[in-house]
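A.B. asks: Sequence and predicted model, in that order:
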Amino acid sequence: MISFPNAKINLGLHITSKRKDGYHEIETCMLPIPLLDALEMIVDPKKTSFASTGITIPGNEKDNLILKAYQLLKKDFPNLPHLNIHLHKNIPIGAGLGGGSADAAFALKLMNNLFDLLLDDFFLEEYAAELGSDCAFFVENTPKIATGRGEILEHIDLDLKGTHLVLINPLIHIGTKEAYAGVSPALAKTNLKEVLADRSRWKDELINDFEESIFPNHPEIAEIKKRLYDAGAFYAAMSGSGSSVFGLFEEKPDSIKLRGNYFYFESMLD
């Protein structure tokens, strides 16, 4: 059985406070986008195995969120059979796009269907939240306001159908430590839902707090945002903690001039 985990972007991202458990409280709107990985699972009579192609996945295999998702379900469903798992990785890693979280959430959904576990979305979101702060978002995979550490989700009506997306990743890895080092948590100055309801306010008021600290350290990321606006985007921002930057356009833009080695993706939003 095959599924296609997708990336997400953040429309605004506020770091509102630091928690006692070391995590941060956030407020953001997450939006799924059609940049896809490919995940295949086949029952194996002998052992569970994992392989990947495409973009190289760093770290130890035992730390892979897909395998952690399998082990998490197996605790409650000990009769789950072994699986042969293959992931083709296309979503850039450590890029603020939630690719690893999407893979984990889609793995849960795939196993739920493959083995007829009959888990509804509420329970899948509970499992997903154990794997990562934004994993639960990818269960329903629709626009959501996310609070808490990212796992508290609220539906929002957000119609961007027909909007043209340009996403650029400069292949710079922004680690969690660097991302949070320059952030001073504070309550947002605007109401996120109200800003999202008025597209004319997005450019000036839909803010990603990480930009303030990351742009001075990586001016090439700030330059990408500028070029997206120069090309006619009605909104452009860094996604998550970076380093991906996206622009939203009313119409397909002309070529956006860039120098260097970049990951570049264009698509129409549904």
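C.D. replies: That came through, no problem.

A.B. asks: Name the residue closest to the centre of the protein, please.
C.D. replies: By CA atoms, centre = their mean, the chain has its centre lying nearest to residue 98, at 2.4 Å.

A.B. asks: so that residue touches residue 136, yeah?
C.D. replies: No - taking CB atoms under 8 Å as the definition, residue 98 is not a contact partner of residue 136, at 11.1 Å. C-beta: built from backbone N, CA, C; applies to glycine.

A.B. asks: Would you map the strands across this structure?
C.D. replies: Taking DSSP state E, the strands of the chain run over residues 2-3, 6-18, 24-36, 38-44, 49-54, 82-89, 144-147, 152-155, 164-169, 235-238, 245-249, 263-268.

A.B. asks: would you list those in CSV and tack on mean pLDDT and mean neighbour count?
C.D. replies: Shown next, in CSV, are those (pLDDT from 0 to 100; neighbours: other CB atoms under 10 Å):
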stretch, mean pLDDT, mean neighbour count
strand 2-3, 97, 15
strand 6-18, 94, 21
strand 24-36, 95, 20
strand 38-44, 97, 17
strand 49-54, 95, 14
strand 82-89, 97, 19
strand 144-147, 96, 20
strand 152-155, 95, 14
strand 164-169, 97, 22
strand 235-238, 98, 23
strand 245-249, 97, 24
strand 263-268, 95, 15
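
A.B. asks: Show me the one of those strands that comes nearest residue 116.
C.D. replies: Nearest to residue 116, of all these, is strand 38-44, at 12.7 Å by CB to CB.

A.B. asks: Can you report phi and psi for the residue nearest to the centre of the chain?
C.D. replies: Note on residue 98: its backbone torsions stand at phi 70, psi 20 [degrees, to the nearest 10].

A.B. asks: Does residue 155 have any beta-bridge partners, and if so which?
C.D. replies: residue 144 (DSSP bridges).

A.B. asks: dump the residue contacts of it.
C.D. replies: For residue 155, the contacting residues are 142-145, taking CB atoms under 8 Å, 6 or more residues apart in numbering as the criterion.

A.B. asks: In TSV, list the residues you listed along with distance to residue 18.
C.D. replies: What follows is these, written out as TSV (distance: CB to CB, whole Å):
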residue	distance to residue 18
142	29
143	27
144	23
145	20
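
A.B. asks: Could you point out which of those is nearest to residue 225?
C.D. replies: Lowest distance from residue 225 to those (CB to CB) belongs to residue 143, with 21.7 Å.

A.B. asks: per-domain residue ranges of this structure.
C.D. replies: For the chain, automatic domain parsing gives the domain ranges 2-155, 164-268.

A.B. asks: Tell me the helices and strands packed up against the helix or strand bottoming out on mean pLDDT in the chain.
C.D. replies: Using mean pLDDT, DSSP states H and E, the weakest-scoring helix or strand in the chain turns out to be helix 176-181, at a mean of 81. On a contact count with 3 or more CB pairs under 8 Å, 6 or more residues apart in numbering; DSSP states H and E, helix 176-181 meets helix 211-217.

A.B. asks: in the helix it packs on, what's buried?
C.D. replies: For helix 211-217, burial by neighbour count (16 or more other CB atoms under 10 Å) applies to 211, 213-215.

A.B. asks: Check stretch 186-193 too.
C.D. replies: Using 16+ other CB under 10 Å as the test for burial, stretch 186-193 gives 188, 192.

A.B. asks: follow-up on the earlier one: nearest residue to the residue nearest to the centre of the chain other than its sequence neighbours?
C.D. replies: Once flanking residues are discounted, residue 98 sits nearest to residue 8: 4.5 Å by CB to CB, 6 or more residues apart in numbering.

A.B. asks: Quick check: that neighbour touching residue 32?
C.D. replies: Yes - between residue 8 and residue 32 there is a contact under CB under 8 Å: 5.4 Å.

A.B. asks: Need the residues touching each of the two.
C.D. replies: With CB under 8 Å, 6+ apart, residue 8 and residue 32 have common neighbours residue 138.

A.B. asks: Now do residue 80, the pLDDT please.
C.D. replies: Note on residue 80: pLDDT of 95.
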